[in-house]
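In: Here is my input; please provide its structure:
(2 chains)
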Protein chains: 2
Amino acid sequence: MVIRRPTLLIDKQRALHNIYRMKTKADRYGIQLRPHFKTHQSATVGEWFRSAGVEAITVSSVAMARYFADDGWSDITIAFPVNLREMDEINELAERITLHVLVESAETVDFLANNITHHLNAWIKIDTGSHRTGIASDRPEEIRAVAGTIANADRITLKGILTHAGHTYNARSKEEIQKIHEDSTEQMRNVRAMLSSERFSGIEISVGDTPTASVAENWDGIDEMRPGNFVFYDVIQYFIGSCGFEDIAVVVACPVVAKHGGRQEIVIYGGAVHYSKDGTVDEEGRKIFGLIADHVSDTIGPVRSGSYVRSASQEHGIVKAAKDLFNRIKQGDLLYVVPVHSCLAMNLLNDVYTLDGERVTHMRSGL
Amino acid sequence: MVIRRPTLLIDKQRALHNIYRMKTKADRYGIQLRPHFKTHQSATVGEWFRSAGVEAITVSSVAMARYFADDGWSDITIAFPVNLREMDEINELAERITLHVLVESAETVDFLANNITHHLNAWIKIDTGSHRTGIASDRPEEIRAVAGTIANADRITLKGILTHAGHTYNARSKEEIQKIHEDSTEQMRNVRAMLSSERFSGIEISVGDTPTASVAENWDGIDEMRPGNFVFYDVIQYFIGSCGFEDIAVVVACPVVAKHGGRQEIVIYGGAVHYSKDGTVDEEGRKIFGLIADHVSDTIGPVRSGSYVRSASQEHGIVKAAKDLFNRIKQGDLLYVVPVHSCLAMNLLNDVYTLDGERVTHMRSGL
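Out: Residues are numbered from 1 along each chain as shown, chains lettered A, B, ... in the order given. Sure, this is the predicted structure:
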């Protein structure tokens, strides 16, 4: 395989290791692993999950549900508030697979009840602190009202309550992640107890996010976990404390196109349209858009200390390089950027391969 | 046209107005307008430029040059440092069109001289302060050395010197933009004078960037301008002072999927994979990922004051909404997000239409 343009390379052995480790953990606690496939959006990577015994998945859009349903997945949760404008597509999916949707208002449930033509499973989205979507866990009346509306709907089953503790992304240690997990799962258990004390029984609890799924060891009362990013991990997860650098399974190979000795900077072909404009802050307080893997052969080499992507414009990346890296590298060489956010890099890049040169097909393949 | 998913809508009349205004300005000063097509990457929008008499264009990758060459454009500058790994593609292009490339080291020129099979025009990239790429204008010996190497190469013509004053993006007023423009063009004139005093004659000067092209009125000695973003503009250009809100020609139509009364927030289907993770800071110091157009009909309505996208995750956007907007909007409605960076939104969205419902094809169409 000759790399000419920015190309996403997946360390398949590491990705498989990440998948099997998470599946083993879920099995150990008797929890269903329903991985989030928005990270890879890939039929090829989906096969790797199948090989580990995964049968149920999570996606973030109706289009993605369709893509994976076409690939033979028959139990899919769309972990995104129902988009009323895609009712036809939702009906079409509900007819051929076991479909789960998220609701957080009686208004949505009413709309579904009036428009659904096949059976649906509904999960009430609970906000345990991330404040993105969901009903706050301390609003029992709202939660009860939604549950009641579902119970009255003919073709909708109230399957459970679901949360995404996205505020773990602000954590910077395993201890912080665990604290958020304890707090978040405690809220979920309380909501279930409240619902059970009414007429709602058999309510399951589903929780998501890679940091807690990677780190937490208390899963009392949890029925399902939906991490996604863990298959690849990335710089954000590494900084949060969800993984080691040696767990990261993706890099973007970028051709070196210029060097600037005065600033000790390397210009690469690889920017915002290749690994996104998502940045993070390193421990020295610098804004960075990627780290650099020392080398890539049969696996992804260690992090190159002192080197990082300091700026990303549309097609350019500017790499601050440690002296030895700067001296060694020359125009036409490849630099291996570890993306800040692997989900966004995967979404952007059409050219995706394993380190062995196996083509990885995904939703955007073909362009 | 029924909008079901996040969709980029172009106000074609405004885009045409932006194109004609810039072309008229360039003509008035006797400068060639060589617009940067990385903003739209679209054959359809390219036609709008053709209708205004534009014949030469700029692109940011070899793949983009190929796309537009296939669409009949025969005079293309790849405004990106030469990627040695794409030599075959460069030769293939040089055979069929008038191709211009950027060089900033004797090493690259040597490589080209040894590998090029057809005629190439070379521009020496000068850094006038943006510190992304190029040779600093105060390094005459380096510039002279590259010019000398080009002069000795058989199939390469030294066409001129070229800069991108990207530091205008830090400006926040017309005066600041003009000051950077004066300084940057003065450096370019000095570099040309230096080269002319040697044996290099007929050296042209090409400058880029939308802020100076939109605002500056002193073009003494400049031969070519390469703005790109001006066809659409966006929130960043509006904040810089390059345009009024009424010049912005793109919005992303996003379905409303949830409302949160306590926080007065609207959740939209539309996030980082639709308009990118590029953010900016508004005058109140808030990080924002988009503004909201009040409405969209035959044109894009005025900005909705007090409302903005405060957070963008993969598929979600969280809109802080002014009270009247919050009360009026309901689930299933559309919100119109004015992107922070229109080039990145256009790169991400497959569904692109004019307000009249005309389909706009671009490099990523078909997925």
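In: What strand or helix carries A:Ile150?
Out: Assigned by DSSP states H and E, A:Ile150 falls within helix A:140-152.
In: Which strands or helices does that helix pack on?
Out: helix A:106-115, strand A:120-127, strand A:135-136, strand A:156-163, helix A:174-197 (3 or more CB pairs under 8 Å, 6 or more residues apart in numbering or on different chains; DSSP states H and E). Placement of C-beta: from N, CA and C, glycine included.
In: how big is the angle separating the longest one from strand A:120-127?
Out: Using axes from the mean of the first three to the mean of the last three CA atoms, to 10 degrees, one finds that helix A:174-197 and strand A:120-127 are set 130 degrees apart in direction.
In: and helix A:174-197, what does it pack onto?
Out: Secondary-structure packing of helix A:174-197 (3+ CB pairs under 8 Å, 6+ apart): strand A:120-127, helix A:140-152, strand A:156-163, strand A:204-208, helix A:210-215.
In: Among those, which comes closest to B:Gln13?
Out: strand A:120-127 (41.1 Å; CB to CB).
In: Check the helices and strands packed on helix A:174-197 for me and report the most buried one.
Out: Of all the helices and strands packed on helix A:174-197, helix A:210-215 carries the top mean neighbour count, a mean of 26, counting by mean count of other CB atoms under 10 Å in any protein chain shown.
In: Let's see it as PDB, backbone CA atoms only.
Out: What follows is helix A:210-215, C-alpha atoms only, in PDB (Å, rounded to 0.1, in the frame of the first residue of the first chain):
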ATOM      1  CA  THR A 210     -15.900   5.200  27.200                       C
ATOM      2  CA  PRO A 211     -14.200   6.700  30.300                       C
ATOM      3  CA  THR A 212     -16.500   5.000  32.800                       C
ATOM      4  CA  ALA A 213     -16.800   1.800  30.800                       C
ATOM      5  CA  SER A 214     -13.000   1.600  30.600                       C
ATOM      6  CA  VAL A 215     -12.300   2.500  34.300                       C
END
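In: Name the residues that touch it?
Out: Outside helix A:210-215, the residues within contact range by CB atoms under 8 Å, 6 or more residues apart in numbering or on different chains are A:22, A:25, A:165, A:168-169, A:171, A:174, A:177-178, A:180-181, A:184, A:225-230, A:233, A:237, A:240-243.
In: Let me know the secondary structure of whatever residue of the stretch 151-300 of chain A ends up closest to chain B.
Out: At 3.8 Å from chain B, A:Val257 is the closest residue in the stretch 151-300 of chain A, using CB to the nearest CB. With DSSP: H, G, I helix; E, B strand; the rest coil as the basis, A:Val257 sits in strand.
In: number of nearby residues for it?
Out: Other residues lying near A:Val257 total 26 when counted by other CB atoms under 10 Å in any protein chain shown.
In: How about the residues of the stretch 201-350 of chain A by chain B?
Out: A:255, A:257-260, A:262-263, A:267, A:269, A:272-273, A:276-278, A:311, A:313-316, A:318, A:331-332, A:341, A:343-344, A:347-348 (CB under 8 Å from any CB of the partner chain).
In: Centroid-wise, who is the farthest residue in chain A?
Out: Here chain A reaches farthest from its C-alpha mean at A:Gly262, the gap being 39.2 Å by CA atoms, centre = their mean.
In: Quick one: residues contacting that one.
Out: A:Gly262 sits next to B:Ala136 when contact means CB under 8 Å, 6+ apart.
In: try the one 3 residues further on
Out: By CB under 8 Å, 6+ apart, the contact set of A:Glu265 is A:259, A:310, A:318-321.
In: any idea of the pLDDT on A:Gly366?
Out: pLDDT for A:Gly366: 54.
In: which residues of chain A fall in helices?
Out: Ranges of helices within chain A are A:12-28, A:43-51, A:62-70, A:87-96, A:106-115, A:140-152, A:174-197, A:210-215, A:235-240, A:272-275, A:323-328, A:342-348, based on DSSP state H.
In: circling back to that earlier point, switch the helices and strands packed on helix A:140-152 over to JSON lines; also include mean pLDDT.
Out: Listed next are the helices and strands packed on helix A:140-152 as JSON lines, based on pLDDT from 0 to 100:
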{"stretch": "helix A:106-115", "mean pLDDT": "96"}
{"stretch": "strand A:120-127", "mean pLDDT": "97"}
{"stretch": "strand A:135-136", "mean pLDDT": "96"}
{"stretch": "strand A:156-163", "mean pLDDT": "98"}
{"stretch": "helix A:174-197", "mean pLDDT": "96"}
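In: Looking at those, which is nearest to B:His100?
Out: With CB to CB as the measure, helix A:174-197 is the member of these nearest B:His100 (51.8 Å).
In: how about the closest one as PDB, C-alpha atoms only?
Out: The C-alpha coordinates for helix A:174-197 follow below in PDB (Å, rounded to 0.1, in the frame of the first residue of the first chain):
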ATOM      1  CA  LYS A 174      -9.300   7.500  36.900                       C
ATOM      2  CA  GLU A 175     -10.500   8.700  40.400                       C
ATOM      3  CA  GLU A 176     -12.500  11.600  38.900                       C
ATOM      4  CA  ILE A 177     -14.000   9.300  36.300                       C
ATOM      5  CA  GLN A 178     -15.000   6.800  39.000                       C
ATOM      6  CA  LYS A 179     -16.500   9.500  41.200                       C
ATOM      7  CA  ILE A 180     -18.700  10.700  38.300                       C
ATOM      8  CA  HIS A 181     -19.700   7.100  37.500                       C
ATOM      9  CA  GLU A 182     -20.700   6.400  41.100                       C
ATOM     10  CA  ASP A 183     -22.800   9.600  41.200                       C
ATOM     11  CA  SER A 184     -24.400   9.000  37.800                       C
ATOM     12  CA  THR A 185     -25.300   5.300  38.400                       C
ATOM     13  CA  GLU A 186     -26.600   6.200  41.800                       C
ATOM     14  CA  GLN A 187     -29.000   8.700  40.200                       C
ATOM     15  CA  MET A 188     -30.100   6.000  37.700                       C
ATOM     16  CA  ARG A 189     -30.800   3.400  40.400                       C
ATOM     17  CA  ASN A 190     -32.900   6.000  42.200                       C
ATOM     18  CA  VAL A 191     -34.900   6.800  39.100                       C
ATOM     19  CA  ARG A 192     -35.600   3.200  38.600                       C
ATOM     20  CA  ALA A 193     -36.600   2.700  42.200                       C
ATOM     21  CA  MET A 194     -39.000   5.700  41.800                       C
ATOM     22  CA  LEU A 195     -40.500   4.200  38.700                       C
ATOM     23  CA  SER A 196     -40.700   0.700  40.200                       C
ATOM     24  CA  SER A 197     -42.600   2.100  43.200                       C
END
